[in-house]
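A.B. asks: Return atomic coordinates for the entry below.
(one chain, ligands or ions: 1)
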Amino acid sequence: MPASLNITLSTATCERLTLDGLPWPVELRRHPRARRLRLALDPPRELLRLTVPRRMSRTAALDWALQQGRWVAEQLAGVAPAEPLIPDATIPFDGGTLVLRWDPAAPRTPRLDGAALVCGGPEERFGDRIARWLRAEARRRLVRETSALVIASGSADGPVSIGDAETRWGSCSAAGAIRYNWRLLLAPPHVRAYVVAHEVAHRVHMNHGAEFHALQARLYGGDCHAARTELRRLGPRLKRVGRG
Ligand SMILES: [Zn+2]
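C.D. replies: Okay, the predicted model is just below:
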């Protein structure tokens, strides 16, 4: 992935920049006594601190930082607390929040009731029933949202499935099969719409070239870069829902 550098602050010894592929901005600092590169998370400031030896080139330091994406994702997953699907838990949902309510008198199949998801049946399988509902709801919405864009893109329709991939929000096979992470249901609709536009655009262009980006932008109709940045920021929390 080409690094797009978006420099917002620059001084002689410290600069802050956004790198495609890393969820938080990087604060690059030259350190006269540093022997090697070091990357550290700064959760309160939502920053990655990159310490660079004095004589190392900036490009080499940033290339190295970009290769730490997986490590950063793992660290962030550890920073965000687990959010189990238990009665009275509040989870992110479709840009807002949803309270999970257990009512023994209600049907076992969860039902949306305003900002609550009400589920009956025995308490010990409560989380499993909620998880199944969330996946099914994600599928319903993503199938519908994908179909709408398929028509707009003029591409052929194809299968849509739901999974829980660790590092990707969506994928599109050469045969046009699209797979989404169910957790997109927890993200704001405009962020989900960006992922849908991205994958539907892949049905027409199986690359990240200029024509792909033009189609993606047309299908999304908004600021793709901002949506992607927002998804990176939200991702670690969304990935902790239903765990623990
Ligand atoms: Zn892509």
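
A.B. asks: Please count neighbours and contacts with C-alpha atoms only from this point.
C.D. replies: Noted.

A.B. asks: C-terminal to the lowest-mean-pLDDT helix or strand in the chain, what's the next element?
C.D. replies: Ranked by mean pLDDT, DSSP states H and E, the weakest helix or strand in the chain is strand 6-10, scoring a mean of 42. Next helix or strand after strand 6-10 toward the C-terminus (DSSP states H and E): strand 14-18.

A.B. asks: How far off centre is stretch 98-110?
C.D. replies: Relative to its chain's centre, stretch 98-110 lies at 28 Å (CA atoms, centre = their mean, to the nearest Å).

A.B. asks: Going by neighbour count, list what's buried in it.
C.D. replies: Across stretch 98-110, burial judged by 16 or more other CA atoms under 10 Å covers Leu98, Val99, Leu100, Arg101, Trp102, Arg108, Pro110.

A.B. asks: Quick one: mean pLDDT over that stretch.
C.D. replies: Averaging pLDDT along stretch 98-110 yields 96.

A.B. asks: who touches Pro159 in this structure?
C.D. replies: Neighbour list for Pro159: Gly176, Ala177, Ile178 [criterion: CA atoms under 8 Å, 6 or more residues apart in numbering].

A.B. asks: Might you report the residue contacts of the second one?
C.D. replies: For Ala177, the contact set (CA under 8 Å, 6+ apart) comprises Gly158, Pro159, Val160, Ser161.

A.B. asks: ok, now with 6 Å
C.D. replies: Residues counted as contacts of Ala177 (CA atoms under 6 Å, 6 or more residues apart in numbering) are Gly158, Pro159.

A.B. asks: Ok, the first one next?
C.D. replies: Gly176 makes contacts with Gly158, Arg203, as judged by CA under 6 Å, 6+ apart.

A.B. asks: how much space between it and Ser161?
C.D. replies: Distance of Gly176 to Ser161, given as CA to CA, to the nearest Å: 11 Å.

A.B. asks: Over to Ala214. Which of the three states is it?
C.D. replies: The assignment at Ala214 comes out as helix when based on DSSP: H, G, I helix; E, B strand; the rest coil.
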